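J.: Sequence unavailable; structure follows:
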């Protein structure tokens, strides 16, 4: 029996991946700006920013992988990130609303195993 996994929730998958790129670019930009200013408390701020952006980077990466497989963990994590993004007016709000709309029951695609022969039990 051959089992095939289909990619689910493509729009949501790509949204999370775009957010990963956005956080990475913002972190690099912050490092460049803070290093150029060279103040004494710069290192502490950079550590804090790296932890925050790194955490968001990881959460979006985890959510994108789970969403791709259509798991309940991916749906829950996406909803949490969507609610958090609502605070980032105006761009974060738009992205957060988009994520929340795509995690509704009507739009969410759950993972299912498909066998090569439809009469075989999986």
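T.: Here it is on my side, so go on. All of these numbers come straight from a predicted model, not from anything done at the bench.
J.: Could you list every helix and strand in contact with the helix or strand where residue 29 lies?
T.: Using DSSP states H and E, residue 29 maps to helix 10-37. With contacts taken as 3 or more Cβ pairs under 8 Å, 6 or more residues apart in numbering; DSSP states H and E, helix 10-37 sits against helix 42-69, helix 72-85, helix 91-102. Glycine gets a C-beta too; all of them are placed from N, C-alpha and C.
J.: Which one, of those helices, ends up nearest to residue 9?
T.: Closest to residue 9 of those, according to Cβ to Cβ: helix 42-69, at 4.7 Å.
J.: hang on, residue 108 is in a strand, isn't it?
T.: No: using DSSP: H, G, I helix; E, B strand; the rest coil, the assignment for residue 108 is coil, not a strand.
J.: burial measure for it, as a count.
T.: Using other Cβ atoms under 10 Å, the number of residues around residue 108 comes to 17.
J.: any low-confidence regions in this protein?
T.: 1-6, 112-122 (pLDDT under 70).
J.: Would you mark the buried spots in stretch 101-114?
T.: Residues of stretch 101-114 classed as buried: 102, 103, 108, 111 (neighbour count, 16 or more other Cβ atoms under 10 Å).
J.: between these, which is nearest residue 95?
T.: For residue 95, the closest of those turns out to be residue 102, at 10.8 Å, with distances computed as Cβ to Cβ.
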